Every structure is written in structure tokens, then in C-alpha cells.
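In: Got a sequence here, can you build the structure:
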Amino acid sequence: MEIKIERPTDTLSRLSMILWGDSGSGKTTLASTAPGRKLFIMLDPDGDMSIRNAPDWERLNLTTETSTDIVKEGMKPDPYTLYTKLDNFDTVVVDSLTKFTEHALQYAVRIAPKSSIEAPGIQGYGLRNICVGAFVSNIIRITGKLNKHLILITHEKDADKNADGGIVSVSMMLGGQLPNIASKDISEVWNMRDQGGKRYISIRPERFRSPMKSRMFDMTGNTSFEWRYNSNKLAGPTIAEWWDAYTSGGFAKLPVPK
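Out: Take a look at the predicted model:
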């Protein structure tokens, strides 16, 4: 194996991101504004209803497959034979990683001894985590090798509360340590929320929510900003515009939008 020494400017750059938040907060719509032509790995039934009129995207529909098929194919070194499908695409969007996790649990309880969907146990949850970890690792590797942008969409779980009913934390609907496992090799982890009809993007832990992080935006100031985008007119700031500004500016961090 030949190992080369490269300058940072010699290597290609790509965006890797997790978008997580409540259902209806705008995650899929935001993902549809990613750079170039998008391939959506659509795991959520009717998950594309909000972007039917958006340009430059196609879907890889896995909603008709069984949990076993979806998980086994996702764990392969070349998940869903993506390597041969991405020539004409710039961005891969997994919608959603939460749904893949659900399929992984259904698959795990069929295999793990003394495990059921009602009581998966340590072995059931452990196998689920292995399946999800393998899928995330594989898709990061494949898209990285082909220099394709990657966005993983996940849902937000119900808040963890203390004995007095106070909120302790809010995180992704993945289970166990999967939020940390999924986000450790990702550069952008953003939370989305709909508040009073306005959509907000958070790039740093706030309001009991974590994890969030960003290499693209300067996080020393505001932790969140309102995303003013009209999906009907396809007008407003996009991920593609932010990425272009970030890369064309020599990877200098962008100010948080006001």
C-alpha cells in the first residue's frame, strides 16, 4: 500500500452533515437545498412530500423492502450499490437515519437470542447499534471516496425528564449512544425547530438539546438563527450558497446569519 503525503489544498472537500429535529420542522426541505444534484435514500414513507416541486433531485426508494433487506444491504461495504449510482449526483441524503435505526432494531430482535421488539435487551440493542454504526461508517466512506456531499436526517426524540418532570436533555431519536456514534465523524450537526411558524437552525448545544456543532459557521456568537426560505418560490438562503461562500472564502468560518 502506497501512502502519500499531501498538502491540505491538494485534497478535495465535501460537506458532511446531520440534520435533526421534530417532524415538520423543515429538515427535508433544508436538505433539498444542498449543493448540486441530490440522491435521496428515502426510508420514510412519503418523506418527500414537502419537496416534490424542488429541482435537481431523485430518490432511491427503499420503503417497499423488508427490514432485513434494508439493513443487510446498508451494512455492505458498498451500501445499496451506491458506488455505481453516484456519477450524476453531488449530494446523498439519507431520509431518515431514524427509520434505518427502526429497521435495524426489527432485524436485530429476529437474530439476538431471548430478544423481542417489546424487550430487545442488551443483545438486541447491541446488534442494532452495530448495524447502524456499520451503515453510517460505510456511507461516510463511500461518499468521501467519491467526494460527494452527505446529509443524514434524523428525528428528535421526546425529552428526557427528571423525577420532578423537568427536562434534562433532548437528543436525536436514535437510541443509546447512537447520537454520539453517528455524529463523531460528521463536520456539521444542526438542529431544526419550528417555533411560532418560524424555522430556526441551531449550530451549538442550547435549550437542553445536543449534540450540535459546525465547522462552517463561527459559533462564538449566536447559537441559532432563523432560516427564511420560501419553498414554493425556491427563494432564500440555501446550504449550497453557504457551502460556496465557505469554500470560496478559503474555509474561513462564516458569520451566523442574522
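
In: residue ranges for the helices of the stretch 101-250 of the chain, please.
Out: For the stretch 101-250 of the chain, the helices defined by DSSP state H, counting those that start in this stretch cover 121-145, 178-183, 239-248.

In: wait, which of those helices is closest to Y200?
Out: Among the helices of the stretch 101-250 of the chain, helix 239-248 comes nearest to Y200, with 15.4 Å by Cβ to Cβ. C-beta here means a position set from N, CA and C on the backbone, and glycine is covered the same way.

In: can you pull the buried residues of that closest one?
Out: I239, A240, W242, W243, Y246 (16 or more other Cβ atoms under 10 Å).

In: just stretch 82-102 next, same as before
Out: Buried residues in stretch 82-102, counted by 16+ other Cβ under 10 Å: 82, 86, 89-102.

In: And those residues, which two are furthest apart?
Out: Distance extremes for these: the farthest pair is D90 and E102 at 28.3 Å, using Cβ to Cβ.

In: Quick check: the gap between R209 and T247.
Out: Relative to T247, R209 is positioned 28 Å away (Cβ to Cβ, to the nearest Å).

In: And A34, by the same measure?
Out: Distance of A34 to T247, computed by Cβ to Cβ: 14 Å.

In: Show the contacting residues for the closest residue in space to Y107 that isn't next to it in sequence.
Out: Nearest non-adjacent residue to Y107, counting by Cβ to Cβ, 6 or more residues apart in numbering: V71, 4.3 Å away. Shown in contact with V71 (Cβ atoms under 8 Å, 6 or more residues apart in numbering): F100, H103, A104, Y107, C131, F135.

In: Tell me how far the helix or strand hosting V71 lies from the chain's centre.
Out: Following DSSP states H and E, one finds V71 within helix 67-74. Distance, stretch centre to chain centre, for helix 67-74: 18 Å (Cα atoms, centre = their mean, to the nearest Å).

In: what is the rounded mean pLDDT of that helix?
Out: Mean pLDDT, computed over helix 67-74, is 96.

In: Run through the neighbouring helices and strands of the helix or strand that that helix is followed by.
Out: Once the chain leaves helix 67-74, the next helix or strand it forms, by DSSP H and E, is strand 91-95. Here strand 91-95 touches helix 27-31, strand 38-42, helix 121-145, strand 149-155, going by 3 or more Cβ pairs under 8 Å, 6 or more residues apart in numbering; DSSP states H and E.

In: let's go with 7 Å and repeat that
Out: Under the contact criterion of 3 or more Cβ pairs under 7 Å, 6 or more residues apart in numbering; DSSP states H and E, strand 91-95 touches strand 38-42, strand 149-155.

In: list the buried ones in the helix or strand following the first one?
Out: Toward the C-terminus, strand 38-42 is succeeded by strand 57-61 as the next helix or strand (DSSP H and E). Judged by neighbour count (16+ other Cβ under 10 Å), strand 57-61 contains these buried residues: W57, R59, L60.

In: Nothing else from me, thank you.
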